[in-house]
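1. Here's a sequence, model it:
(one chain, ligands or ions: 1)
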Amino acid sequence: MEKLNAVLSGELMKAFESCGYDASYGKVSVSNRPDLCEYQCNGAMAAAKAYHKAPFMIAEDVVAAMKDSAIFSEVQMVKPGFINLKLKEEFVASYLNQEAEDEALGCANLGNGRKVIIDYGGPNVAKPLHVGHLRSAIIGESLKRIGRYVGYDVAGDVHLGDWGLQMGLIIAELKLRKPELVYFDDQYTGEYPKEAPFTIGELEEIYPEASKKAKADEEFAAAAHDATVMLQQGKPGYRAIWNHILNVSIADLKKNYQFLNVTFDLWKKESDAQPYIPDMIQMMKDKGFAHESQGALVVDVKEETDTKEVPPCIIVKSDGATLYSTTDLATLVEREKLFAPDYVLYVVDKRQEMHFRQVFRTARKTGIVRPETKLGFLGFGTMNGKDGKPFKTRDGGVMRLEVLIREITDAVYEKIKENRTVSEDEAMKTARMVALSAIKYGDLSNQASKDYIFDVDRFTSFEGDTGPYILYTIVRIKSIIHKYEETVGAAGSLAGTVCAARSASEKALQLILTRFSDTVELAFTETAPHRLCAYIYEVSNAFNKFYHETRILAEEDEAVKAGYISLLALTRRVLETCIDLLGFEAPERM
Ligand code: ARG
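-> Predicted coordinates:
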């Protein structure tokens, strides 16, 4: 389906050409003065230089050439040489009907099946999922959905952190608490128990305890370090514990992600990349990419154009240990081997920007990724509390995601229970949906790289730029359509087509609906889900204005009424598609 902009520009280009000017001056854009016009063309201003003619004269020629346009109802020259444009109502309606016919609502297939891996989530096993990982999950999930919508073959990879010191800490602490466990018996040769020697609750208590102890107790810290090394070298008892930690944690993580409506295609882990490390290091040495520096093995990655110092990427530390960057590089080796992706996008805290710059440069320089493979880093800012400091619990601790979700769900439930007419069960289900919209929209409506303030009162408000407001709008549309269907039957609401707008507010809504596809495409190419939020806020405002000014169900002309319902159905489809791309959904009632 041709883009509206292309259709409009095509008309202007024809007109420029017919007047003897180059067609390229005919590009139109959405008006930045919506009070004056809907679209505008500034080409005459640029053409003036090339043709040594006053811009208004060129614009006047073009305006004259367009007086019989089937698309524009108004083509006006405004000095010094702008061309202001308004579209014919019939044309907008027919464009929307085409959009409604299209399965993808006019969205282009940008990806053409090309493979994308989005690395998001990034939780660390054995540590509870906390709000720090919330943003990655929310933003990554949305980009995955948007990418698929525009035709990419996207796989989301949770990339679990399961290989660091946290493992050694837990093993060392467990050994202190339960030395009698077979995992610690070096003589033991039998099978290890299937049942984990701890629950998720215990595990989550063990880790912070061990971490605190290691800071104060040198001996314990050394034991944890040793345990990490032994685990990494494959000591069977420790491997068995590590497996238990993984299983117990992953089950809990899946539950939490399910609350968030977040799913991963790949549950890969840092440890999965370890087998690729030896060959990778050998290759870097053989080809002369890596050299020794103060006992460590490094790859230089600074570039002449750097304005900020980019230190060498360390591959092996002087004590022989590999690092986070080694694992990320080996993960790229693995991804190339298993999936040969065209694009790998990381959605990680922006404080890790330097790490990814070093990793990307090393991967390119050493040929780990193909030259045409795109590597992207979307660094997100911090979620702060109302005090402007990183979000914490009331008593200053790290907020567990589960707790945060529960608190917001309760807050929403309090609001909706006042005038609820539905069952307790449905009210709770609705509260969960609304809460999720509040959390996700509250996050996604900000540009990802910016810090934002997590404000429960504002985010859960049913008015203003919030998730619940969007849901409220959708619910309102659904209810009107239902009422209409009660009178004409379910098929009736699908039968009609959008009609030429009969009021300014109706036309405004229709015009905004034509911009769906451009918005979705940009949201992916710019990795910017906030564009989708801004868009649905605009759609919702335009719809609500139309709704307040129009007697929809009371309309006496049945054809006009059916046209309104078709417009509502399309509005609902656009909004529901967008919230699905953002990762939440709307209830039936609210
Ligand atoms: N586990 C890491 C953390 O908590 C995030 C992982 C991000 N992804 C990656 N490929 N490095 O900081």
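2. shouldn't residue 533 be in contact with residue 445?
-> Yes: using Cβ atoms under 8 Å, residue 533 makes contact with residue 445 at a distance of 3.9 Å. Backbone N, C-alpha and C define where each C-beta goes, glycine included.
3. And the two? Which one has more around it.
-> Per other Cβ atoms under 10 Å, whichever of residue 533 and residue 445 has more neighbours is residue 533, with 26 against 22.
4. which residues are in contact with both of residue 533 and residue 445?
-> Residues touching both residue 533 and residue 445 by Cβ atoms under 8 Å, 6 or more residues apart in numbering: residue 465.
5. Show the end-to-end separation of stretch 167-187, please.
-> End-to-end distance for stretch 167-187: 22 Å, by Cα to Cα, to the nearest Å.
6. Can you list the buried residues in it?
-> Neighbour-count burial for stretch 167-187, counted by 16 or more other Cβ atoms under 10 Å, picks out 167, 168, 169, 170, 171, 172, 173, 174, 175, 181, 183.
7. Arrange the residues you listed in TSV, one row each, with pLDDT and secondary structure as further columns.
-> Output for the buried residues of stretch 167-187, formatted as TSV (pLDDT from 0 to 100; DSSP: H, G, I helix; E, B strand; the rest coil):
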residue	pLDDT	secondary structure
167	93	helix
168	94	helix
169	95	helix
170	95	helix
171	96	helix
172	97	helix
173	96	helix
174	96	helix
175	96	helix
181	96	coil
183	97	helix
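8. Out of those residues, the closest to the ligand would be?
-> Nearest to the ligand among these: residue 167, at 12.8 Å, using Cβ to the nearest ligand atom.
9. need the contact list for the closest one.
-> So residue 167 contacts 126, 227, 228, 231, 242, 245 (Cβ under 8 Å, 6+ apart).
10. Using TSV, lay out the buried residues of stretch 167-187 together with distance to the ligand.
-> Putting these into TSV (distance: Cβ to the nearest ligand atom, whole Å) gives the following:
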residue	distance to the ligand
167	13
168	16
169	15
170	16
171	19
172	21
173	20
174	22
175	25
181	28
183	25
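11. can you list the residues of the chain near the ligand?
-> 119, 122, 124, 159, 161, 328, 346, 348 (Cβ under 6 Å from any ligand atom).
12. Surely residue 75 is in a helix?
-> No: counting by DSSP: H, G, I helix; E, B strand; the rest coil, residue 75 is not part of a helix but strand.
13. about what we covered before: what's the ChimeraX syntax to select whichever of the residues of the chain next to the ligand are buried?
-> Buried residues within those, by 16+ other Cβ under 10 Å, are selected in ChimeraX with:
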select :119,122,124,159,161,328,346,348
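14. what's the neighbour count on residue 77?
-> Neighbour count of residue 77, defined by other Cβ under 10 Å: 20.
15. Bridged to it, which residues?
-> With DSSP bridges as the criterion, residue 77 is bridged to residue 83.
16. Can you verify my assumption that it contacts residue 65?
-> No: contact criterion Cβ under 8 Å: residue 77 and residue 65 do not qualify, at 11.8 Å.
17. Among the residues of the chain next to the ligand, find the lowest-pLDDT one for me.
-> Lowest pLDDT within the residues of the chain next to the ligand is found at residue 124 (91).
18. who's that one bridged to?
-> Beta-bridge partners recorded for residue 124 (DSSP bridges): residue 161.
19. residues contacting it?
-> Counting by Cβ under 8 Å, 6+ apart, residue 124 touches 160, 161, 162, 164, 166.
20. Quick check: nearest residue in space to the closest residue to the ligand within the stretch 351-500 of the chain, chain neighbours excluded?
-> Ranking the residues of the stretch 351-500 of the chain by distance to the ligand (Cβ to the nearest ligand atom) places residue 352 first, at 6.7 Å. Spatial nearest neighbour of residue 352, chain neighbours left out: residue 379 (6.9 Å); criterion: Cβ to Cβ, 6 or more residues apart in numbering.
21. what's the helix or strand that contains residue 443 packed up against?
-> Element membership of residue 443 [criterion: DSSP states H and E] is helix 424-444. If you count contacts as 3 or more Cβ pairs under 8 Å, 6 or more residues apart in numbering; DSSP states H and E, helix 424-444 packs onto helix 134-149, helix 401-417, helix 456-459, helix 467-488, helix 530-549, helix 558-582.
22. If we go by neighbour counts, what in that helix is buried?
-> Going by 16+ other Cβ under 10 Å, helix 424-444 has these buried residues: 427, 430-444.
23. Partner strands of whichever helix or strand comes after it, with direction?
-> Remark: after helix 424-444, the chain's next helix or strand is strand 452-453, criterion DSSP H and E. Counting by DSSP bridges, the strands paired with strand 452-453 are strand 383-384 (parallel).
24. And the average pLDDT for the strand it pairs with is what?
-> For strand 383-384, mean pLDDT rounds to 92.
25. where does the protein dip in pLDDT?
-> 419-420, 490-495 (pLDDT under 70).
26. which one of the helices and strands packed on helix 424-444 is the most hemmed in?
-> Mean neighbours per residue, mean count of other Cβ atoms under 10 Å, is largest over the helices and strands packed on helix 424-444 for helix 134-149, with a mean of 25.
27. from the chain's centre, how far out does that helix sit?
-> 3 Å (Cα atoms, centre = their mean, to the nearest Å).
28. Next, the angle helix 134-149 makes with whichever helix or strand comes after it.
-> The element immediately downstream of helix 134-149 (helix or strand, assigned by DSSP H and E) is strand 153-157. Orientation of strand 153-157 against helix 134-149 (axes from the mean of the first three to the mean of the last three Cα atoms, to 10 degrees) gives an angle of 160 degrees.
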